[in-house]
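> What follows is a predicted protein model with its sequence.
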Amino acid sequence: MKKTISIISLGCPRNLVDSEKLIAEFTKKGYRFQEHAAHSDTVIVNTCAFIEEAKKESIDSILRVIDSKKEGKVKKIIVAGCLSERYKDELSEELKEIDEFRGVLDFGREGDSRGRSLLTPKHYAYIKISEGCAHRCAYCVIPYLKGSYKSRAMGHIIKEAERLINKGVKELILIGQDTSLYGMDLYGKRKLGDLLKKLAGISKDVWIRLLYLHPANLDEGLLKVIKDNKNICRYIDLPLEHINDRILKKMRRRITRNEIISLIEYIRKEIPGAAIRTSFIVGFPGETEKEFKELVSFAREMRFERLGVFKYSREEGTPAYEYKQQVPEKEKEKRFNVLMSAQKRVSEAVNQAFIGKLLKVLVEEKGKDYYIARTEYDAPEIDGLAHVAGKDLKVGNFYNIRITDAYEYDLVGYYESGK
C-alpha cells in the first residue's frame with residue numbers, strides 16, 4: 001500500500017507553486033497525495049513568515065499537525081518555506097516532533113517545471129516567472145529570505161504555459177516578487193512585455209493575468225502590450241504602499257507622490273476601463289495623523305477599483321524594525337478600519353457602474369441556485385466574485401453575463417444565451 005502525503009500551503013500564490021512542486025517530488029517517489037492532512041503518513045506544512053499574522057498562522061498549523069502526530073494519525077512532519085528558512089534553529093529546539101526542515105532556498109531554480117501537481121482548480125494555474133527580490137524596502141523581509149532577483153528563462157515559461165493550456169487551463173497567472181523586473185538579470189533589460197506577447201499568442205481563448213508590479217519599474221511599453229492584447233486581463237496589480245513623500249522615502253519605495261499620480265493617470269488614459277489593484281500599509285513607524293489622512297484622501301480621490309490594506313508589521317532584521325516612533329497596535333487597527341471603510345464606499349460605486357453591462361466571466365463553481373464566477377478585473381481568492389443565474393453552465397468555461405445588481409465587492413448577473 002502506498003504511503004500518503006498531504007500539504008498545508010500557507011501564504012501567497014508563490015508559496016502555492018512551491019507546494020505543487022513538493023507534492024510532485026513525493027508522488028514521483030511513490031507517495032499517494034491526499035487532500036486532507038488527517039491520517040497522512042507525511043504532512044508538509046509550507047509556511048509563510050512575511051508578517052506577524054502569517055507567522056502565527058504558520059505556528060498554529062504546525063502545532064495542529066503535531067497534535068495529530070501525538071495521536072498517531074500522522075507519522076512524519078516536514079516544515080518548509082519562509083518560517084523554517086528564518087527560524088529553523090528556534091523551531092528545531094522548541095518543537096522536537098518536526099522530522100525535517102526545508103527552507104525556501106531548497107526549492108532551487110528549476111528548469112522547465114515539468115514536476116508540478118496543481119493544487120488550484122483545473123481551470124487556472126499560477127506560473128512563477130521569478131524568485132527573490134532586487135528591492136530593499138525598509139519593512140520587508142523577503143530579500144533576506146528569498147535572496148537576490150532571479151528570472152526564469154523565457155523558453156521554460158513558454159513551455160510550461162503550453163503544457164498547462166493543453167491540460168485545459170483557461171487562466172494563466174504570472175507571479176514573482178516583482179514581475180515588472182522580469183528578465184533584467186538574464187537578458188540585461190526588462191523583458192516582461194516580450195514574455196506577455198509570446199504567452200498571449202499561444203491561445204486567444206485563455207486569460208493571462210499579471211500580479212505584483214512594482215510602480216517604480218512599470219514602463220509604457222508593458223502597458224502597450226496589455227492594451228494591444230485582448231486576452232491579457234485589464235488588471236494592473238500595483239502595490240503603492242503609501243502616498244506621502246516622507247513615508248515613501250522612509251519605506252525606500254524609490255518613487256514619489258507625483259510620479260505615482262502621473263503613472264495612474266497614464267494607465268487610465270492608455271487602458272480605459274482597466275482595474276487598478278493596489279495595497280497600502282497603515283501605521284508605518286512615524287506615520288502622523290496628517291500623513292494618514294493624506295493617504296485616505298488619496299484613496300478616495302483615485303477611486304481604485306481594488307484595494308487591500310495591511311497593518312505595518314515590525315519584522316526583525318529589517319531597517320524599519322529599528323525606526324523610532326513605532327505606532328501602537330490600537331492606532332494601527334483604527335487606521336486600518338478607517339481606510340477600509342472609505343474603500344468600501346468607493347468599491348460599491350465602482351461596481352454599481354457595471355449594472356446593465358455585459359461582462360465576460362470565468363465560471364469558478366456551481367452553487368445551489370446559481371454559479372460563482374470571476375471577471376477579468378478579479379484575481380482568484382483576492383478580489384470579488386460574480387453570482388450568475390443560468391442553466392447548464394460549465395465550470396472552467398467563459399460566458400458573457402448581464403449585470404443586474406452590485407454590492408461592495410461582488411456582482412450579480414445572468415447568462416444571456418448566445419451573447
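Great, that's in hand. Numbering: from 1, shown residues only.
> the helices in the stretch 1-150 of the chain, which residues?
Taking DSSP state H, counting those that start in this stretch as the criterion, the stretch 1-150 of the chain contains helices spanning 13-28, 52-70, 82-94, 142-146.
> any weak-confidence spans in this structure?
Scanning the chain for pLDDT under 70 picks out the ranges 105-114, 418-419.
> rerun at 50
106-113 (pLDDT under 50).
> Break it into its domains for me.
Domain assignment for the chain by automatic domain parsing gives 4-107, 124-352, 358-415.
> G115: which of those is closest?
Relative to G115, the nearest member of the domains of the chain by Cβ to Cβ is domain 4-107, separated by 3.9 Å. The way it works is simple: take the backbone N, C-alpha and C, and place the C-beta from them, glycine included.
> Show me how far the closest one is from its chain's centre.
Taking Cα atoms, centre = their mean, to the nearest Å, the mean C-alpha location of domain 4-107 is offset from the chain mean by 20 Å.
> re the thing from before, dump the helices of the stretch 1-150 of the chain to TSV, plus mean neighbour count.
Shown next, in TSV, are these (neighbours: other Cβ atoms under 10 Å):
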stretch	mean neighbour count
helix 13-28	20
helix 52-70	17
helix 82-94	18
helix 142-146	19
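> who wins for proximity to H36 among these?
Between H36 and these, the shortest separation by Cβ to Cβ is 10.8 Å, and it involves helix 52-70.
> CA atoms only for that closest one, dumped as PDB, please.
Extracted C-alpha coordinates of helix 52-70, given in PDB (Å, rounded to 0.1, in the frame of the first residue of the first chain):
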ATOM      1  CA  GLU A  52       3.400  38.600  12.200                       C
ATOM      2  CA  GLU A  53      -0.100  37.300  11.400                       C
ATOM      3  CA  ALA A  54       1.400  34.900   8.800                       C
ATOM      4  CA  LYS A  55       3.900  33.600  11.300                       C
ATOM      5  CA  LYS A  56       1.200  33.000  13.900                       C
ATOM      6  CA  GLU A  57      -0.900  31.100  11.300                       C
ATOM      7  CA  SER A  58       2.100  29.000  10.400                       C
ATOM      8  CA  ILE A  59       2.900  28.100  14.000                       C
ATOM      9  CA  ASP A  60      -0.800  27.300  14.700                       C
ATOM     10  CA  SER A  61      -0.800  25.000  11.700                       C
ATOM     11  CA  ILE A  62       2.400  23.200  12.800                       C
ATOM     12  CA  LEU A  63       1.000  22.700  16.300                       C
ATOM     13  CA  ARG A  64      -2.200  21.200  15.000                       C
ATOM     14  CA  VAL A  65      -0.200  18.700  12.900                       C
ATOM     15  CA  ILE A  66       2.000  17.900  15.900                       C
ATOM     16  CA  ASP A  67      -1.200  17.100  17.900                       C
ATOM     17  CA  SER A  68      -2.200  14.700  15.100                       C
ATOM     18  CA  LYS A  69       1.200  13.000  15.300                       C
ATOM     19  CA  LYS A  70       0.900  12.600  19.100                       C
END
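> between it and helix 13-28, how many degrees?
Angle, helix 52-70 to helix 13-28, by axes from the mean of the first three to the mean of the last three Cα atoms, to 10 degrees: 20 degrees.
> Please produce CSV containing the helices of the stretch 1-150 of the chain, extended by distance to K394.
Below are these laid out as CSV (distance: least, Cβ to Cβ, whole Å):
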stretch, distance to K394
helix 13-28, 24
helix 52-70, 34
helix 82-94, 37
helix 142-146, 38
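> can you tell which of those is closest to E408?
Closest approach to E408 among those is made by helix 52-70 (22.8 Å; Cβ to Cβ).
> Check which helices and strands the longest helix seen in the chain is in contact with.
If you go by DSSP state H, the chain has its longest helix at helix 329-352. Helix 329-352 sits against strand 275-282, helix 289-302, strand 306-311, strand 398-406, with contacts defined as 3 or more Cβ pairs under 8 Å, 6 or more residues apart in numbering; DSSP states H and E.
> Strand partners (parallel or antiparallel) of the third one?
Translated: strand 306-311. strand 275-282 (parallel) (DSSP bridges).
> What are the buried residues along the partner strand?
A275, I276, R277, T278, F280, I281, V282 (16 or more other Cβ atoms under 10 Å).
> what's the answer for stretch 294-310, then?
In stretch 294-310, counting by 16+ other Cβ under 10 Å, buried: E294, L295, V296, F298, A299, M302, F304, E305, R306, L307, V309, F310.
> Please convert those residues to CSV, extending it with distance to L238.
Output for the buried residues of stretch 294-310, formatted as CSV (distance: Cβ to Cβ, whole Å):
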residue, distance to L238
E294, 19
L295, 15
V296, 18
F298, 14
A299, 13
M302, 11
F304, 9
E305, 11
R306, 10
L307, 11
V309, 15
F310, 15
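> Of the helices of the stretch 1-150 of the chain, which is nearest F336?
Evaluated with Cβ to Cβ, these place helix 52-70 nearest to F336, the distance being 12.0 Å.
> for that closest one, packing partners?
Counting by 3+ Cβ pairs under 8 Å, 6+ apart, helix 52-70 packs on strand 42-47, strand 76-81, helix 82-94.
> I'd like the ones you listed laid out as a markdown table, including distance to L411.
Below are these laid out as a markdown table (distance: least, Cβ to Cβ, whole Å):
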| stretch | distance to L411 |
| --- | --- |
| strand 42-47 | 33 |
| strand 76-81 | 35 |
| helix 82-94 | 35 |
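> how about these, which one is nearest L358?
Counting by Cβ to Cβ, L358 lies closest to strand 42-47 out of those; the figure is 40.3 Å.
> Show me what that closest one is packed against.
Other elements packing on strand 42-47 under the criterion 3+ Cβ pairs under 8 Å, 6+ apart are strand 4-9, helix 13-28, helix 52-70, strand 76-81, helix 82-94.
> Adding distance to M251, write the ones you listed out as TSV.
Below are the helices and strands packed on strand 42-47 laid out as TSV (distance: least, Cβ to Cβ, whole Å):
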stretch	distance to M251
strand 4-9	29
helix 13-28	21
helix 52-70	18
strand 76-81	25
helix 82-94	21
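> Out of those, which is closest to R254?
With Cβ to Cβ as the criterion, R254 lies closest to helix 13-28 of the helices and strands packed on strand 42-47, at 21.8 Å.
> ok so, going back, so for Y124, which of the helices and strands packed on strand 42-47 sits nearest?
For the helices and strands packed on strand 42-47, the distance to Y124 is smallest for helix 13-28, at 10.4 Å, taking Cβ to Cβ.
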